[in-house]
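*Asks:* just need the structure, nothing else, for what follows:
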Amino acid sequence: MASAIEKSLRRALAKGNAADPDHRLEIYEAAERALLRLEETNGMSGEAKDRHRLELIAAIESIEADFSGPDGSVPPTPAAETGDAGNGDAGRGAEASKAPEVVEAERIDPPAAPQSLEPQLAFEAEERVVDVTPDDDAGETGTARPGAGSRLGRRVIALVIVLLLLFLVGVGVWIVLPFLSSGAASDGDAKSAASATGGDLSVADAIRENAGTVAGAAAEPEWTDLYSPEALREFARSDPAIEDATKGGQRARLKLTQPAGPGDAGGTADAAAGREIELPIPGEVARRFAGKNVEGEIVVGSPDGKPRVFTLRCLFGGETVCGRQRFTTSLPEENFLFHLELPPEAATGGQIAVDPSVGDAGKDLFLYGMRLRRPV
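*Replies:* Okay, here's the model as predicted:
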């Protein structure tokens, strides 16, 4: 059964003059280039490359067998009528019987039409070699008959030898490469992974291998915590809407609880602002980030696992510099990022205003802390 490569070659040959040696040669060379591109693009193993070489050799030999005679030579085309059309001398009948061989030699001898059809890979054009044997019937005249299939045979053999050499080189590399890779396994996990995959280092492996140096070269800006655990406990002592919810041995946290205000029924902005709990931004931190774009992070959580909806504003001089942002959490602890631009006059500090009573599921919210940093 014909292989996929042979079927592809025959389809390509059918689109042109398959009997033309030059046309077949172009198709074979194009097929080899296509295989090389495919192997390079897909990163095929040495075993797959060798299998492709053998299939290509078999396909070329099978196709060339259709265009060769029993002895391996290209079947000659019907010879033209020889002899002088106007000469009716019967005495030349014996010479006329030998004429096709002479004409055949004259027609084949010019190197304009190559008789070989295999891909010529990286070889230089070979000098045409013709085996001339004396013609027994024309010994006195010196007429010689060239070996029509000699060049075809030589080039077929050369191509097969080259492909077999490539196959052997690939097998040798495939056998030796794992030993070379395993010898360097002690250099680190990345090299061990490369040995396990036959010595090939993927892009992901290279990234992981160099992650340490990249991280050191481009370190992220450090966060600045707004509140210490002691500051959180102080908030709980100074505001009845804030409760210290820290349990023994756990991370410090506050529970923000805001009862409904008298203006809730109207749903106005003033009523919403009246329910907000304001936490101070220290002046020292405000001076550090004054006039700059800042990234903030607030860490909150749901006391009972049900969704909690809350809003956040960043107040400086009574005006918000981060709008009114809305968040939802149902986890025991979750981080939310927001952005703000501190005004140049923010040296005296500001406030973070949190409204924990926006949703219907509950009016309370865990607060673990807040921090700021310059954006990456």
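*Asks:* for whichever strand or helix holds Pro178, packing partners?
*Replies:* Using DSSP states H and E, the element containing Pro178 is helix 150-183. The contact analysis (3 or more CB pairs under 8 Å, 6 or more residues apart in numbering; DSSP states H and E) places helix 150-183 against helix 46-66, helix 189-196. Yep, even glycine has a C-beta here, placed from its N, CA and C like the rest.
*Asks:* tell me how many other residues surround the closest residue to Ala19 other than its chain neighbours.
*Replies:* Excluding its sequence neighbours, the residue lying closest to Ala19 (CB to CB, 6 or more residues apart in numbering) is Phe67, at 7.0 Å. Number of residues near Phe67 (other CB atoms under 10 Å) recorded here: 15.
*Asks:* how close does Phe67 sit to Gly249?
*Replies:* 88 Å (CB to CB, to the nearest Å).
*Asks:* do Glu55 as well
*Replies:* 69 Å.
*Asks:* settle it for me: which of those two has more neighbours?
*Replies:* The neighbour comparison of Glu55 against Gly249 (other CB under 10 Å) goes to Glu55, with 15 against 5.
*Asks:* show me what contacts that one?
*Replies:* Neighbouring residues of Glu55 by CB atoms under 8 Å, 6 or more residues apart in numbering: 3-6.
*Asks:* I'd like to know which of those are buried.
*Replies:* With neighbours counted using 16 or more other CB atoms under 10 Å, those contain these buried positions: 5-6.
*Asks:* where in this structure is pLDDT low?
*Replies:* 1, 69-150, 181-219, 259-274, 376 (pLDDT under 70).
*Asks:* may I see the domains of it written out as residue ranges?
*Replies:* Domain assignment for the chain, taken from automatic domain parsing, gives 4-75+99-172, 184-217, 224-373.
*Asks:* please enumerate the helices of the stretch 151-300 of the chain.
*Replies:* Using DSSP state H, counting those that start in this stretch, the helices of the stretch 151-300 of the chain run over residues 189-196, 203-209, 211-217, 229-238, 269-274, 283-289.
*Asks:* could you export the contacts of Glu55 as JSON lines, including distance to Gly305?
*Replies:* Output for those, formatted as JSON lines (distance: CB to CB, whole Å):
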{"residue": "Ser3", "distance to Gly305": "62"}
{"residue": "Ala4", "distance to Gly305": "59"}
{"residue": "Ile5", "distance to Gly305": "62"}
{"residue": "Glu6", "distance to Gly305": "66"}
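*Asks:* in helices only, show me the contacts of Glu55.
*Replies:* If you go by DSSP state H, the contacts of Glu55 have 4-6 in helices.
*Asks:* any chance of the residues you listed in CSV, with distance to Glu39 too?
*Replies:* What follows is the ones in helices among the contacts of Glu55, written out as CSV (distance: CB to CB, whole Å):
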residue, distance to Glu39
Ala4, 15
Ile5, 13
Glu6, 18
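*Asks:* picking up where we left off before, need phi/psi at the residue nearest to Ala19.
*Replies:* phi -110, psi 10 (degrees, to the nearest 10).
*Asks:* next one: it from Ser3, what distance?
*Replies:* 18 Å.
*Asks:* do Ala245 as well
*Replies:* In this view, Ala245 and Ser3 are 73 Å apart by CB to CB.
*Asks:* do the same with Ile157
*Replies:* 22 Å.
*Asks:* what about Ala12, which SS state?
*Replies:* Using DSSP: H, G, I helix; E, B strand; the rest coil, the structure places Ala12 in helix.
*Asks:* quick check: it touching Glu29?
*Replies:* No. Using CB atoms under 8 Å, Ala12 makes no contact with Glu29, being 11.4 Å away.
*Asks:* so which of the two has more stuff around it?
*Replies:* Taking neighbours as other CB under 10 Å, Ala12 and Glu29 compare with Ala12 leading, 17 against 14.
*Asks:* find the nearest non-adjacent residue to that one, please.
*Replies:* Ile27 (4.8 Å).
*Asks:* over to Phe366?
*Replies:* Counting by CB to CB, 6+ apart, Gly301 is the residue found nearest to Phe366 once chain neighbours are left out, at 3.9 Å.
*Asks:* wait, doesn't that neighbour sit right on Pro332?
*Replies:* Yes. Between Gly301 and Pro332 there is a contact under CB under 8 Å: 4.7 Å.
*Asks:* mutual contacts of these two, please.
*Replies:* If you check Gly301 and Pro332 against CB under 8 Å, 6+ apart, the residues they both contact are Phe366.
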